[in-house]
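Engineer: this is a predicted model, with the sequence first.
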Amino acid sequence: MIELKTREEMELIARGGAIIGDLYEAVRDRIAPGVSTGELDRFAEDFIRSHEGAEPAFKGLYGFPGSVCASINEEVVHGIPSDDRILKEGDIVSLDTGVRLEGWCSDSAWTFAVGDVPAATARLLEVTEAALDAAVAQAVPGKHVGDIGHAVERTVKGTGFSIIRDLVGHGIGRKVHEQPQIPNRGRPGEGPLLEEGMVLAIEPMIAIGTWRIRTLDDRWTMSTTDRRPSAHFEHTVGVTVDGPLILTRATSPSLERHPPLP
Ligand code: MG
Ligand code: MG
């Protein structure tokens, strides 16, 4: 069953979501060669908890040990933050985190470049962020879940990159993971109908090489099987008759937007 939220409930989700947006603004300057993902995790947890009543929603979720998932290069999602994982020039790191505030959850991910990255990697970030933008634009009443996936497919088509098939977005609300699932591929007009009041975590994951993934020995980290880089951008979005409401935006966003794709 897909639970619908009122506008007031969406506003509560947006209050928590803005903490994630602000976190990604604040963490950006800390992402540099020599920094460990363990440090980023501690910074994120302190940042979230510095807002009264806010808690990291991922900590302990299904037993996950961190407040953020920190996935480097070929790692797609669910990387465990560690003091032993040190960023180096040319890496990318995907941070994914959730906030719970007054019983409502928000979820957002962003992939950051560490210094200068190879041209293909930079292009991967552009395409993945553009795929998120295109997907979010479909989150309006009357469209279907398949329109969201189709928008991701349309954006990625012709780039040579591949869409991670085995991981999906999701509804979100009182719980981090609710119905429906939001695949990153789909056909227009197929899947559940979108209605005013749905809140969806939309999260394209795109790889330079293969879409195939495997779980590493830590039983959490998902990596591409060819070990080529993968990027992940995610927003929590409210479906409203006034258009898609991005609920995980920073208070005053300054994260560099990539130029629109042709
Ligand atoms: Mg997430
Ligand atoms: Mg999510």
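Structural biologist: Sure thing, it's come through. Numbering: from 1, shown residues only. Ligands and ions are numbered 1, 2, ... in the order given.
Engineer: how about the strands in the stretch 1-150 of the chain?
Structural biologist: Assigned by DSSP state E, counting those that start in this stretch, the strands in the stretch 1-150 of the chain fall at 55-56, 68-72, 75-77, 92-101, 104-113.
Engineer: name the helix or strand for residue 214, please.
Structural biologist: Here residue 214, judged by DSSP states H and E, is contained in strand 213-215.
Engineer: who does that strand pair up with?
Structural biologist: strand 222-224 (antiparallel) (DSSP bridges).
Engineer: heading C-terminal from the partner strand, find the next helix or strand.
Structural biologist: Assigned by DSSP H and E, the successor of strand 222-224 is strand 230-232.
Engineer: can you dump the C-alpha atoms of the very next helix or strand once past that following strand in PDB for me?
Structural biologist: Sequence order places strand 235-238 as the next helix or strand after strand 230-232, per DSSP H and E. This file holds the C-alpha atoms of strand 235-238, laid out as PDB (Å, rounded to 0.1, in the frame of the first residue of the first chain):
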ATOM      1  CA  HIS A 235      16.400  13.400  -3.700                       C
ATOM      2  CA  THR A 236      13.300  12.900  -1.600                       C
ATOM      3  CA  VAL A 237      10.400  14.400  -3.700                       C
ATOM      4  CA  GLY A 238       6.800  15.200  -2.900                       C
END
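Engineer: contact residues of the stretch 1-150 of the chain facing ligand 1?
Structural biologist: Counting by Cβ under 5 Å from the ion, the stretch 1-150 of the chain comes close to ligand 1 at 96, 107, 109. Heads up, the C-betas are built off the backbone N, CA and C, glycines and all.
Engineer: which residues does whichever residue of the stretch 101-250 of the chain sits closest to ligand 1 bridge with?
Structural biologist: Residue of the stretch 101-250 of the chain nearest ligand 1, by Cβ to the ion: residue 107 (4.2 Å). Here residue 107 sits in beta bridges with residue 98, going by DSSP bridges.
Engineer: residues near it, how many?
Structural biologist: Other residues lying near residue 107 total 29 when counted by other Cβ atoms under 10 Å.
Engineer: nearest to residue 179, of the residues of the stretch 1-150 of the chain next to ligand 1?
Structural biologist: residue 107 (14.7 Å; Cβ to Cβ).
Engineer: let me see the mean pLDDT of the longest helix along the chain.
Structural biologist: Across the chain, the longest stretch assigned as helix under DSSP state H is helix 7-28. For helix 7-28, the mean pLDDT works out to 97.
Engineer: hmm, back to that, and the strands of the stretch 1-150 of the chain as JSON lines, adding mean pLDDT?
Structural biologist: Shown next, in JSON lines, are the strands of the stretch 1-150 of the chain (pLDDT from 0 to 100):
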{"stretch": "strand 55-56", "mean pLDDT": "98"}
{"stretch": "strand 68-72", "mean pLDDT": "98"}
{"stretch": "strand 75-77", "mean pLDDT": "98"}
{"stretch": "strand 92-101", "mean pLDDT": "98"}
{"stretch": "strand 104-113", "mean pLDDT": "98"}
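Engineer: can you tell me which of the ones you listed is nearest to residue 245?
Structural biologist: The closest of the strands of the stretch 1-150 of the chain to residue 245 is strand 104-113. By Cβ to Cβ, the value is 11.9 Å.
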